[in-house]
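Novice: take a look and give me a structure for this.
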Amino acid sequence: MDVKSYNNAFICNEARSVARSHFFPNFKDGGNEFKNSFLLGIGGNVGDTKKRFELFLYKLKKDRRFFVKECSLILKNKAFGYTKQADFLNAVLLVKSSFYAADVLKIMQHYEKIFGRIRSFRNAPRTLDIDILYFDKKIRNSQRLILPHPGANDRLSVIIPIGSMKGI
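Specialist: You can find the predicted model right below:
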């Protein structure tokens, strides 16, 4: 990450711009009937990603297993890992559920399939990527799930959206 100071502000060559929509950012009270809180990172760079974010959010809000408490702004940022691809849009959702992390992971992978996610290679272009960033205060390191997410503390695609949220 290349960060420079300029006129008492920081400039980073990874972040490109901030996008908003009718649903991003958004905050809603409630969800106290659910026992677990977690942060989902969503990202994509294939097709109309902003529209796909809105449709995913709509479907998640209709899913009675979840309560979406807050949505961050949308950040447009440079791809990392495999960099010869389009910029990404990224956002973070604060969600509540009574499901455990492993079950949430399975459900989110199903949503990725619904939205056309194809896992061709690591850091490949994608229609919709959904990551569990944090799950309550749980720490987990299994073959299928690592909590907190390995990139949650040092990726601007996570840090800036989380910083825009008021319920965190």
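Novice: give me the nearest residue to Cys71, chain neighbours excluded.
Specialist: Asn26 (4.4 Å; Cβ to Cβ, 6 or more residues apart in numbering). Where C-beta positions appear, they are placed from N, C-alpha and C, glycine not excepted.
Novice: ditto for Phe99
Specialist: Nearest to Phe99 is Arg65, by Cβ to Cβ, 6+ apart, at 6.2 Å.
Novice: show me where pLDDT drops low in this protein?
Specialist: Across the chain, the ranges flagged by pLDDT under 70 are 1-16, 82, 124.
Novice: what are the bridge partners for Leu147, then?
Specialist: Judged by DSSP bridges, the bridge partners of Leu147 are Arg140.
Novice: residues near it, how many?
Specialist: A total of 20 residues lie near Leu147 under the criterion other Cβ atoms under 10 Å.
Novice: contacts only, for Glu112.
Specialist: Leu128, Asp129, Ile130 (Cβ atoms under 8 Å, 6 or more residues apart in numbering).
Novice: dump the residue contacts of the first one.
Specialist: Leu128 sits next to Ile42, Gly43, Gly44, Thr49, Arg52, Phe53, Phe56, Tyr111, Glu112, Phe115, Gly116, Arg117 when contact means Cβ under 8 Å, 6+ apart.
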